[in-house]
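the sequence isn't on hand, but the structure is:
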C-alpha cells in the first residue's frame, strides 16, 4: 500500500488542503519529510491518515471547525498495484466511499493491511513519542506480533513457549508444594476421609444386635407415650370448646329476645335504605327550584316589554356593510395622499438632477436616453475586458524584463564556472559507485563479526572450563563417544521405576510395621481387659486335661486324681470364660488372623524392597561404566543428572565453537568486501580525473568522491536552470506581443460601439471613465422614471375612491335624517355607525330575552314532572309504614336493619356452637350446656394442660432416643459397606500412584524441553533480533555493538551490549538511547513485516526530540533504507532535520505545511 495524495477536505483546522506525495520513482527511496512550524497541523494530518484507514473515531477531537456531519478525508492510494480514489466521512456505518461517493467495503483497506487493526498499526508503523515508548515496552515484554518475532526463532517457538507454560500449569494442578488445592492433595484428603468412615462403621455382630434391640425398645416406648398424649389432647380440646360455647349461648338468648320485640315491624325493599336520603334531599331541592323559576319568568316578561328597536337604522346598516371596502380605501387615501404627492415631487427633482449630470437638462423624454440591451451589453463587456487587458499588458512587460535579467545572470555565472566542469559520464559512474559503497554494509558486518568473535571466544573459554577435567581440549570433547539420547532416556526411565518401587515398598513396609504393632497392642488389650483365652491356649489346656485323665485312668490313685482335678477345673474355667465372652472371643480370633496376614505381607515387602535397591545399584553401575568409557578422567560416583548436565554443557560448547567459526568466516568476508569496494571507488575517482591519494582510507575517499559528485550536480543544475530561463524569456516576450495586440483590438471595438448610439453623436469618442459615469447615471434614470409614472397613477385612483365614498354616504345620511358635518365625511360615517350599532344592540338584546323566556318555560314544565315523581315515591313509603313523614319512615327502616342484623348474628352463633360441639341438634346442645359446671370445667382444663405438657416433653425425649438408636443402626450397614470402603481406598491409592507418575513425567519433560528450547534459541536467534541489533548499532553510532537476550523466570529480557562489552537493560538506558532502541525494534519489525506481506506506509511524528544530530543522521539513514521497500513519511517542525535528511538521502522529498497551499520541493 502507498499513499499518493492526502486530501484534508474538511478535517480539523484544514479546509480543502492537499498533500501530494507524487508517484514512486523506480530505484529511489520513497522517503518524504513533512515540515511545518508548531500548530501547522502535522499531528492533524497524521490523525487524518489513520482515520482514513480505520474510520473516524466516535469521539474525534478534530470537529472544532467542521462538525461531525461535514468531516471529510480523501486520498489517492495504491492498493494491489492499482490507484484507488477513496473518501472517508464521519458515519457509524458505510463511511468509506469510492467514486461517485458510493459506499464500498472496509475489506478493501483491511485486506491490504493484512488484518492489522488500528491499535497495532499505531504501535508498529505510526509513531509519536507516546506510541514509540508504549509500543517499545510492549515489545520488550514479548507482547504483540513484534514481541513474538523478537524473542522467538523462526520456527514457531513462541507457540512452544506458550505450550510449556500450559504444561507447567497442568503439572502444578497435579501437585504443588504448599498449594491450597491439587489433584494429588485432594486424593490424599479423600483417602483420610475413607479411613475415618471405615473405622466408624466397622462394628462387631454382638454390638450390632444390642443396637437393634435398643432401637426397637425405644420405638415401643415412643408409640405408647404418643397414644397417651393424643388422648389428653382430645379431652383438652373438648373442655376448651365447652367453655367457649357457654358465653355464646347467653349471647344467643339475648339476641332472640330482641327479635321477639321487632316481630311486628313490616318488611321493606332493601333498596329503600339507600333511596330515602336521596329522596329527602330531592324533595327540598325541588321546592326551592319551583319558587326560583316563577321569579325568573316574571322578570324576563317585564324586560321584554321595555325594549324598542330602530328598524330604519338596521336597514341603513346593511348598506353600510356593503360599502365597507370603499370606506377602507377612503381612509387609506386620506392617510397616504399627502405622502404620495410629496414622493412625486421628490422623484421629479431626482430626474431633473440626473438629466443635468448627463448634460441634457432640456430633454423632454428622459426614456429616449436609455440604451438598448445590445449596446449596453457591448459597453459592459468592453469595460470588463479592459481591466484584464491592462493587467495582462503590465504583467507581461514586468515578467519579460525579469526573465531577461535572470537569463543574463545565469549566462554570466555559467561562463565563469565553465572551466571547472568535468566529464559528466565519469562523474555519473563515480556517483553510482559512491551510492553502492554507502549501501554496502561491509563495515557494519566487520564490526559485528569482530564483536561476535571476541564474545564467542570468551564464551567458549568459559564453557571449556566448565567441561574440565573430563575434557581438556575442544578436539577431545568433539571426538568423545557420548551415550545416545535413547540410552540416556532408558537409564532415566529404569532409574525412575526403581526409585518409585523403592519408595512404594518402603511405604508399604512402614505401613505394615505400624499395622503389626497396632494388632499386637489390640490383642494384648483384649486379653488383659476380658481374660479371654485364645484358641491356642485353650487347645493347650485341653491337651493337658486329656493327658492328666489318661494318667489317672491308668493309675487310679490319689495323686493322679488330684492332678486330673486341677487340669479339669482349669479347663472348665477357660471354657466358661470363652462361652461368656463369645463376642470378645470372635474379635480376638479375627485380630490374630489379621496379625498373621500383616506379618506375611511385611516379610514380602522387605524382599521386594531389597530387590528394587539391587536393581537401582545395577543401573548406577552401568551409568558410571558408560561415563568412564566416554571420559577416562571420570572418577568417583556420578549421577545421571550430573552426566546429563555435563552433556548439555558439551553441546553448548560445540554450538559456540560452530558460531565462532561462522563469525571468523564473516569477518574475513567483510574485510575482503571492504577492500574490493575501496579499490573500485579509487578506480572510479581516477576515471573521473578527480585528484586523490590511493593510500587514503575508505572514509577519505568517500569524502573526495562526494565533493566531486556535489560539484557536478551543481553544474548540472546551473545548465538546467539556463535552459529553463531561455525558454521562459522567449515565452514572456511572446506574451508581451500578444497583450499589445489585444489592446489595439479593444480600442477599435470601443470606437465602433460609441458611434452606434447618442454617446458618439458629436463625432468624438468618449473615454472609458466618461462612459462608465454615463452608464451609472442611466442606471439611476430608468428606475426614477418608473417610480414617477407609478406615483401619478396611484394618486389619481385614490382621488376617485374618495369621491365615490362621499356620494354614497350623503344618500344614507338623508335616509336617517342626519346632516353632513362641515369637517369631513369620516365624522358623518362615525355618527351613522353609532346609530346602527345602537339599533343592532337592542335587537340582539330582545332576541336574547325571548330565547331565555322560552328556555325558562321548558325548564318549569320539566321541574313539575320531577316534583310529581317525587311525591309518588313519598306516598309509597309512608303508606307501607302507616306514617305521614319521611323522618318516620327513616326510623322504621333502622328497626328493619336491626332485625336483619340480629337474625344474622343468631345464625352465626348457632353455627359456631354446633361446629365446636359434636351434637348437631340445637335443643340437645342447649340442654347439655345448661347442665355443664363452668368452674369444674376450668379446673379440669388447667389439670389437662399441665398433664399434656409433661406428656409432650416425654414424647420428644423418647423420639430423640429412638432417632439416635436408628441412626446408629443405619450407620453400620452390614459387612458390605466396610468392603466397599476398602475397595474405594485401594482405588484412590492407585489414582495417587498414576497422578504421581504423570506429575514426574510432566516435570521431567518440561525441564528437558526448556533446556532444548534455550539451546535452540541460542543457535537460531530470530532474524528480527539480528536486524534490530544491526539497526541499534547503526543508530547509536557504534556505542552499542548489538542486542542479546537472557532468560528471566518464565520469559526473556532484552539487553544492550555496549562497545566495551558491558550490558544494560532497556530500563537502565537514558531516555534518548531507550527511544533509539525502540526505533531500531520498529525498523527491524517493518522489514520483517514487509518480507511476508505487502508493505504499508510508515509514519513518524517528531520522534527525534531526544536524538542528537549525529544519531538523527543515522536514523534518517535507516529510514532511507526502509524507504526502498515501502513508503516512509516523517513529520517535523525542526528545519535542521530537513537539512540532515537531504544530506543523508538526496532524493528525499520535502513538503511544507507553512504556506496556505501545501507545496512540494525536491531536495537538491
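Sure, I can see it. All figures in this text were calculated on a predicted structure; none of them were measured in a lab.

any idea which element residue 138 lies in?
Secondary structure assignment for residue 138, by DSSP states H and E: helix 129-140.

what sits against residue 836?
Residues near residue 836 by CB atoms under 8 Å, 6 or more residues apart in numbering: 313-314, 316-317, 320. Heads up, the C-betas are built off the backbone N, CA and C, glycines and all.

all helices for the stretch 1001-1150 of the chain, in order.
1023-1035, 1071-1092, 1109-1122, 1135-1144 (DSSP state H, counting those that start in this stretch).

can you say which of the ones you listed is nearest to residue 89?
Distances from residue 89 to each of the helices of the stretch 1001-1150 of the chain were compared using CB to CB; the shortest belongs to helix 1071-1092, at 29.4 Å.

list the helices and strands the closest one packs on?
Using 3 or more CB pairs under 8 Å, 6 or more residues apart in numbering; DSSP states H and E as the contact criterion, the neighbours of helix 1071-1092 among helices and strands are helix 118-125, helix 129-140, helix 144-151, helix 1023-1035, helix 1109-1122.

taking helix 1071-1092 as reference, get the angle to the longest one.
Translated: helix 1109-1122. On the basis of axes from the mean of the first three to the mean of the last three CA atoms, to 10 degrees, helix 1109-1122 is oriented at 10 degrees to helix 1071-1092.

dump the residue contacts of residue 338.
Counting by CB under 8 Å, 6+ apart, residue 338 touches no other residue.

which element is it on?
Here residue 338 sits within helix 324-357, counting by DSSP H and E.

ditto for residue 645
With elements taken from DSSP H and E, the one containing residue 645 is helix 640-687.

state the next helix or strand along the chain beyond that helix.
Proceeding N to C from helix 640-687, the next assigned helix or strand is helix 698-755, under DSSP H and E.

what about that next one, average pLDDT?
Helix 698-755 shows an average pLDDT of 76 in the prediction.

that helix to helix 640-687, inter-axis angle?
For helix 698-755 against helix 640-687, the angle between stretch directions is 60 degrees (the same axes, to 10 degrees).

for the helix holding residue 138, name the packing helices and strands.
Under the contact criterion of 3+ CB pairs under 8 Å, 6+ apart, helix 129-140 touches helix 118-125, helix 144-151, helix 1071-1092.

looking at those helices, which is closest to residue 289?
Taking CB to CB as the criterion, residue 289 comes closest to helix 118-125 out of those, the separation being 86.4 Å.

buried ones in the closest one?
With burial defined by 16 or more other CB atoms under 10 Å, the residues of helix 118-125 counted as buried are 120-125.

what do you get for stretch 81-98?
Buried residues in stretch 81-98, defined by neighbour count with 16+ other CB under 10 Å: 84, 86-90, 95-97.

of these, which is the nearest to residue 309?
Taking the buried residues of stretch 81-98 together and measuring to residue 309 by CB to CB, the closest member is residue 90, at 77.0 Å.

re earlier: chain center to the helix holding residue 338, what's the gap?
76 Å (CA atoms, centre = their mean, to the nearest Å).

return the list of helices and strands in contact with the helix or strand that comes right after that helix.
Using DSSP H and E, the helix or strand that directly follows helix 324-357 along the chain is helix 373-416. Contact analysis of helix 373-416 by 3+ CB pairs under 8 Å, 6+ apart lists helix 698-755, helix 768-816 as its packing neighbours.

quick check: angle from helix 373-416 to helix 768-816?
Compare the direction of helix 373-416 with that of helix 768-816 by the same axes, to 10 degrees and you get 150 degrees.

with respect to residue 899, which of the helices and strands packed on helix 1071-1092 lies nearest?
Of all the helices and strands packed on helix 1071-1092, the one in closest proximity to residue 899, counting by CB to CB, is helix 118-125 (92.0 Å).

list the contacts of that closest one.
If you take CB under 8 Å, 6+ apart as the criterion, helix 118-125 is touched by 50, 53-54, 113, 116, 131, 134-135, 138, 144-146, 1082, 1085-1086, 1089, 1096-1099.

can you turn the buried part of these into a PyMOL selection?
Selecting only the buried entries of those in PyMOL, with 16+ other CB under 10 Å as the criterion:
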select buried, resi 50+53+54+113+116+131+135+138+144+145+146+1082+1085+1086+1089+1096+1097+1098+1099
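
tabulate the helices and strands packed on helix 129-140 (a markdown table), appending mean pLDDT.
Below are those laid out as a markdown table (pLDDT from 0 to 100):
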| stretch | mean pLDDT |
| --- | --- |
| helix 118-125 | 86 |
| helix 144-151 | 51 |
| helix 1071-1092 | 86 |
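
tabulate these (JSON lines), appending distance to residue 984.
Supplementary listing: these in JSON lines, determined by distance: least, CB to CB, whole Å:
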{"stretch": "helix 118-125", "distance to residue 984": "55"}
{"stretch": "helix 144-151", "distance to residue 984": "48"}
{"stretch": "helix 1071-1092", "distance to residue 984": "58"}
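
which residue packs closest to residue 647, ignoring adjacent ones?
Excluding the flanking residues, the one nearest residue 647 by CB to CB, 6 or more residues apart in numbering is residue 482, at 5.9 Å.

which phi and psi does the one you found have?
The phi/psi pair for residue 482 (degrees, to the nearest 10) reads phi -90, psi 160.

give me the number of residues near it?
The local packing of residue 482 (other CB atoms under 10 Å) involves 18 other residues.

what do you get for residue 552?
19.

isn't residue 501 right next to residue 613, touching?
No. When contacts are counted by CB atoms under 8 Å, residue 501 is not listed as touching residue 613 (9.1 Å).

tell me the pLDDT at residue 56?
At residue 56, the pLDDT value in this model is 91.

same deal with residue 198?
Per-residue confidence for residue 198 comes out at a pLDDT of 68.

one more: residue 609?
Residue 609 is assigned 83 on the pLDDT scale.

what residues are up against the residue lying closest to it once chain neighbours are set aside?
Of all residues not flanking residue 609 in the chain, residue 505 sits nearest, at 3.9 Å (CB to CB, 6+ apart). Under the criterion of CB under 8 Å, 6+ apart, the contact partners of residue 505 comprise 605, 608-609, 612.

need the residues you listed in JSON lines with secondary structure, can you?
Listed next are the contacts of residue 505 as JSON lines, based on DSSP: H, G, I helix; E, B strand; the rest coil:
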{"residue": "605", "secondary structure": "helix"}
{"residue": "608", "secondary structure": "helix"}
{"residue": "609", "secondary structure": "helix"}
{"residue": "612", "secondary structure": "helix"}
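
burial count for residue 268?
With other CB under 10 Å as criterion, residue 268 counts 17.

rewinding a little: tell me what angle the helix holding residue 338 forms with helix 768-816.
Relative orientation of helix 324-357 and helix 768-816, computed by the same axes, to 10 degrees: 160 degrees.

is it true that residue 1056 touches residue 1074?
No. Using CB under 8 Å, residue 1056 and residue 1074 do not qualify as a contacting pair, with a distance of 9.4 Å.

quick one: residue 244 from residue 1113, how far?
Noted for residue 244: a distance of 113 Å to residue 1113, by CB to CB, to the nearest Å.

of those two, which one has the most company?
The neighbour count for residue 244 versus residue 1113, taken as other CB under 10 Å, is higher for residue 1113 (17 against 13).

how about the contacts made by that one?
Counting by CB under 8 Å, 6+ apart, residue 1113 has contacts 1140, 1143-1144.

tell me the domain ranges of this structure?
The domain map for the chain lists 205-261+892-972, 272-306+823-882, 324-364+759-816, 374-422+690-756, 442-480+642-687, 485-528+581-619, 533-579, with the assignment taken from automatic domain parsing.
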